[in-house]
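Peer 1: output the structure for:
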Amino acid sequence: MKYFKKAWRLLCLVLLVTLAVAGIGLGGGVPIPASSRKENHIEISVELPESKEESKEVEEFFQKV
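Peer 2: A predicted model of the protein is given here:
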């Protein structure tokens, strides 16, 4: 039984060293990012000028309330 425990410990040690060399720990492997290039999404918002008809409708609405 004593020999079995020593052999089991040695086997576990070899397994842990092998996993460490491969880079795998308890949390699993390191996730590899999809791409190293950052994509800049710059959005430019442009507001259209309000037409006279729309402004009249808005004024009428607020006058009724």
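
Peer 1: Leu13 and Leu19, how far apart?
Peer 2: Noted for Leu13: a distance of 11 Å to Leu19, by Cβ to Cβ, to the nearest Å. Bear in mind the C-beta positions are built from the backbone N, C-alpha and C, glycine included.

Peer 1: which stretches of this structure have low pLDDT?
Peer 2: Along the chain, the model assigns pLDDT under 70 to residues 24-30, 35-40, 48, 50-55, 64-65.

Peer 1: again, 80 this time
Peer 2: Within the chain, the stretches with pLDDT under 80 are 22-65.

Peer 1: do you have the helices of it handy? List them.
Peer 2: Ranges of helices within the chain are 2-22, 52-64, based on DSSP state H.

Peer 1: burial of Phe4, as a residue count?
Peer 2: Residues within reach of Phe4, counting by other Cβ atoms under 10 Å, total 8.

Peer 1: how close does it get to Leu10?
Peer 2: Phe4 sits 11 Å away from Leu10, going by Cβ to Cβ.

Peer 1: ditto for Gln63
Peer 2: Taking Cβ to Cβ, one finds Gln63 at 90 Å from Leu10.

Peer 1: quick check on these two: which one has the bigger neighbour count.
Peer 2: Neighbour count, other Cβ under 10 Å: between Gln63 and Leu10, Leu10 has more, with 10 against 7.

Peer 1: sorry, back to before: okay, the helices of the chain in TSV with distance to Ile42 next?
Peer 2: Below are the helices of the chain laid out as TSV (distance: least, Cβ to Cβ, whole Å):
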stretch	distance to Ile42
helix 2-22	41
helix 52-64	29
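
Peer 1: of those helices, which is nearest His41?
Peer 2: His41 lies closest to helix 52-64 among those, at 30.4 Å (Cβ to Cβ).

Peer 1: which residues does Gln63 contact?
Peer 2: Shown in contact with Gln63 (Cβ atoms under 8 Å, 6 or more residues apart in numbering): no residues.

Peer 1: what does Lys6 give?
Peer 2: Under the criterion of Cβ under 8 Å, 6+ apart, Lys6 has no neighbours.

Peer 1: measure it to Thr18 for me?
Peer 2: With distances taken as Cβ to Cβ, Lys6 is found 19 Å from Thr18.
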